[in-house]
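Trainee: I would like to see how this sequence folds:
(one chain, ligands or ions: 2)
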Amino acid sequence: MIYIEYAQNHYLNLSVIIKSNLYLLQNQKKINMRFFRFLLLNVVALFISTSTLTAQDGGMWIPSLVKQLNIDDMQEMGLELTADDLYSINNSSVKDAIVHFGGGCTAEMISNQGLMLTNHHCGYGEIQAHSTLENNYLKDGFWAKNRDEELENPGLTATFIIRIEDVTNAVLSGVIAEMNEDERSAQISKNIATLNSGLEKEESQDVKVKSFFDGNQYFAFITETYKDVRLVGAPPSMIGKFGSDTDNWVWPRHTGDFSMFRIYASEDNKPAEYSEKNVPYQPKHFLPISLDGVEEGDFTMVYGFPGRTQEYLPSVAIKQLKEVINSARIEIRNKALKIVDKEMRADEGIKIQYASKYARIANYWKKWIGENKGLEASQAVVKREKYEAELMEKINSDSVSKVKYGNLLSDFDKSYAEFEKYNLANNFYSEIVYRNVEVLRLSYILNSFVNKYEEAGDKGDEYFKSKKPRIDSYLKGFYKNYNSEVDKKVFATLLQEYVEGVDKSFLPEYLLDEVDDYKNNYTKMADKVFAKSALINDTDMFMLLSKSPSSVIAKIKKDPAYKIGVSIINAYNAKVEPKYSEINAEIKKLQRTYMAAQIEMMPNKKFYPDANSTLRITWGKVDGYEPKDGVYYYPKTYLDGIMEKYVPGDYEFNVPEKLRKIYDEKDFGIYAENGKIPVGFIGTNHTTGGNSGSPALDAHGNLIGLNFDRVWEGTMSDINYDANICRNIMVDVKYILFIIDKYGDAKYLIDEMKLVRPKTTLIVD
Ligand code: ARG
Ligand code: GLU
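Mentor: Ligands and ions are numbered 1, 2, ... in the order given. A predicted model of the protein is given here:
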């Protein structure tokens, strides 16, 4: 008998490996050969890797493959469930409690009556939409006292995953190496269209095919999307956003980042548009909630929809991202945020209007700063170079792989060098036109309206009339949260950044002439432009729009803010976009080959695909970390920490009076642990944006917390996961229950949940 030795002196019978491979061989005949080989290698890797190794490497794994790839590792680390408990297409499983919330966040079912939990920052837009100065749910919180008080949210969706299918063969059918990228994607689109119509599904379901491993593998997701999702409860921002931007991405953390919704369905439990006749949705599975609390070392897993990671980049890409792109984006947002922050602090109305926009912009600004620091501290570029050297050695040691992959890294170097100025300009453009200067974003939208009107020729008026209601409703939303004084300052500052930061040859002449006319005085230019533009106030704009189509179009085209916007858009489209897309396509192709090369050349390494907004499982344990020499961060925080951070009247660290009273009276009910209320905890789960609102589960699949953030020192985990320092941040479910019950007086919501004590196996409910 042959034994393979692996780390920590575990031994393993090789015949088991061979048997499993045969099993795979028989059952995976349809998998295309390249991927078959890859899966095979992964199975071998499964047997030779250890749980510690897995935890070290991080990973966001595909639920339908857990059975083949991960279940042993997970169980070894403490999981008490089977792979079928986590993901099954025949029986209900944990998967059926996981929701893609509004397409961006994750949420989970916590009762059999459609009750759904997600983060406060995920429900923020909805909470804000229902808020006014008089009825300010952002400020005061909101608790529907009964089903009739739950609030409708047009456009908000909740999507479940029915099943996941490997469709690589079908998608890559007819794709050959000789094809260029256009031919390749045309063939793939054609295959996907055929697949979409052929896959078995119910009428209420949809199919989405997604690429994995940079286009080396494809999976189809059969989904079901519910459209009547109502707001049930949210704590005040003083709790739900406690610590705000100062504490964002930071541990130790004390944010009660949760909100609750309810999914409604038709009488037969199917998706339906909002209707009073709809009834609470009955999920196939909902999560029991653990009252036993978490301790350092406990097994945890996070089940959700991570958005995007780039774990397999070449070092040259990491370098460019860090030194060129992140630095520029950080600088642009620095400037914009400073202006908006000042205005928000001075005016309560502006604060409501800009709170959500500010938080969104500040969020990634701070993340990129942490990411850059983390990349530096973890020596990401140097490490990646070392990894590349090892990889190249393997590649070059074999004449076949040398031909296939020998030039990859030098090709990357060439492409990224050429890419740099386009990449930078592209980021400037999206930061300035799409994100930070609101009047430019409006110009962008009006510009496509104007263009389509003109393209329509004789049919222009018809087009105008058909689109006008949508423009009107967009504008209503736009002006509700618009303050032209704020935008004017951002406009002046960021246009200067644009002119000074973007390659001269990419800049629009019209803008340069204007800047010249105002002798580089951007403030003066902004004053003039804003004084004369109709775009910056609703009365003028709606007045303008009430005219005949041709005069509306003519007036928009003469508007000074619009003219600046359009000059930037046109220059970008002519001078940046084509080349940007061309090089980007080259890089994508290289990345696809590079990914395949890594998988092929490193048969002992287990690979997980980069996040792509599809359902994943990641696991780890509750664990502290050392952010710097001599400092250790414990993995749990308590209500006491909120009182330590409390700054009366502060807009980030104020604590509501009622919570202070409960704290003083120690009215903690069943939620206390040794006389204290737990608030947050961290773990080694590998998460990213999109995992917000994801359930943190214990070894039995009970809810123990809600993922909402990562620690700042570890935000580089999207590019370079390092288990020593990367931690995800979760709000303890006991804090959530405590706030609902003791602060919100909404115990009736807790009554519909299922509370359990897995550590003592006593059901409380
Ligand atoms: N950093 C978390 C995430 O990426 C939370 C963001 C919301 N909170 C905030 N203060 N902006 O989404
Ligand atoms: N807050 C993030 C989100 O909205 C999760 C934090 C992260 O990026 O890990 O998804």
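
Trainee: mind listing what the closest residue to ligand 1 within the stretch 51-200 of the chain touches?
Mentor: Distance from ligand 1 to each residue of the stretch 51-200 of the chain (Cβ to the nearest ligand atom) is smallest for H121, at 3.7 Å. The way it works is simple: take the backbone N, C-alpha and C, and place the C-beta from them, glycine included. Neighbour list for H121: 240-241, 257, 359, 692, 708 [criterion: Cβ atoms under 8 Å, 6 or more residues apart in numbering].

Trainee: for L231, see how far away the closest residue to G240 other than its chain neighbours is.
Mentor: Nearest residue to G240 in three dimensions, chain neighbours excluded: H120, at 3.2 Å (Cβ to Cβ, 6 or more residues apart in numbering). From H120 over to L231 the distance is 12 Å, taken as Cβ to Cβ, to the nearest Å.

Trainee: cool, T715 as well?
Mentor: As judged by Cβ to Cβ, T715 and L231 stand 30 Å apart.

Trainee: next one: D487
Mentor: Taking Cβ to Cβ, one finds D487 at 29 Å from L231.

Trainee: cool, D245 as well?
Mentor: In terms of Cβ to Cβ, D245 sits 24 Å off from L231.

Trainee: look at the two and report which has more neighbours.
Mentor: Neighbours were counted for D245 and for L231 using other Cβ atoms under 10 Å; L231 has more, 23 against 19.

Trainee: tell me who's in contact with the closest residue to ligand 2 within the chain.
Mentor: Residue nearest to ligand 2 within the chain (Cβ to the nearest ligand atom): S692, separated by 2.9 Å. Contact analysis of S692 by Cβ under 8 Å, 6+ apart lists 105-106, 118-119, 121-122, 707-709.

Trainee: any of the residues you listed buried? List them.
Mentor: 105-106, 118-119, 121-122, 707-709 (16 or more other Cβ atoms under 10 Å).

Trainee: can you confirm V294 is in a strand?
Mentor: No: going by DSSP: H, G, I helix; E, B strand; the rest coil, the assignment for V294 is coil, not a strand.

Trainee: quick check: phi and psi at it.
Mentor: phi -120, psi 150 (degrees, to the nearest 10).

Trainee: over to L507?
Mentor: phi -80, psi 150.

Trainee: do the same with P154
Mentor: phi -60, psi 130.

Trainee: contacting residues for the closest residue to it other than its chain neighbours?
Mentor: Leaving aside its sequence neighbours, P154 sits nearest to Y274 (Cβ to Cβ, 6+ apart; 7.1 Å). By Cβ under 8 Å, 6+ apart, the contact set of Y274 is 152, 154, 227-228, 264.

Trainee: per-residue pLDDT, Y274?
Mentor: Per-residue confidence (pLDDT) for Y274: 98.

Trainee: now it, what's its secondary structure?
Mentor: Applying three-state DSSP: Y274 is coil.

Trainee: what does N720 give?
Mentor: Secondary structure assignment for N720 (three-state DSSP): coil.

Trainee: show me the contacts for the closest residue to it other than its chain neighbours.
Mentor: In this structure, N720 finds its nearest non-sequential neighbour in A380, 4.1 Å apart by Cβ to Cβ, 6+ apart. A380 is in contact with 318, 322, 374, 716, 719-720, counting by Cβ under 8 Å, 6+ apart.

Trainee: 10 Å instead, please
Mentor: Applying Cβ atoms under 10 Å, 6 or more residues apart in numbering, we find A380 in contact with 313, 315, 318-319, 321-322, 371-372, 374, 716, 719-720, 722.

Trainee: so which of those is the most crowded?
Mentor: M716 (27 neighbours).

Trainee: with adjacent residues omitted, what lies nearest to that residue?
Mentor: Nearest residue to M716 in three dimensions, chain neighbours excluded: G374, at 3.4 Å (Cβ to Cβ, 6+ apart).

Trainee: just the element for the one you found, please.
Mentor: helix 348-377 (DSSP states H and E).

Trainee: pLDDT weak spots in this protein?
Mentor: 1-56, 761-765 (pLDDT under 70).

Trainee: contact residues of it facing ligand 2?
Mentor: 105, 687-692, 708-710 (Cβ under 6 Å from any ligand atom).

Trainee: in strands, which of these fall?
Mentor: Taking DSSP state E, the ones among those that sit in strands are 105, 708-710.

Trainee: out of everything not next to it in sequence, what's closest to the residue in the stretch 201-350 of the chain that ligand 1 sits nearest to?
Mentor: In the stretch 201-350 of the chain, no residue comes nearer to ligand 1 than N248, which is 3.8 Å away by Cβ to the nearest ligand atom. Leaving aside its sequence neighbours, N248 sits nearest to K366 (Cβ to Cβ, 6+ apart; 5.8 Å).

Trainee: I figured I445 hits K452, correct?
Mentor: No: I445 lies out of contact with K452 (Cβ atoms under 10 Å); the separation is 11.3 Å.

Trainee: show me where the stretch 401-550 of the chain has helices.
Mentor: For the stretch 401-550 of the chain, the helices defined by DSSP state H, counting those that start in this stretch occupy 408-429, 438-455, 460-480, 484-501, 509-517, 522-532, 538-545, 549-558.

Trainee: just want the angle from the longest one to helix 438-455.
Mentor: Between helix 408-429 and helix 438-455, the angle comes out at 100 degrees (axes from the mean of the first three to the mean of the last three Cα atoms, to 10 degrees).

Trainee: what of the fourth one?
Mentor: Relative orientation of helix 484-501 versus helix 438-455 (the same axes, to 10 degrees): 80 degrees.
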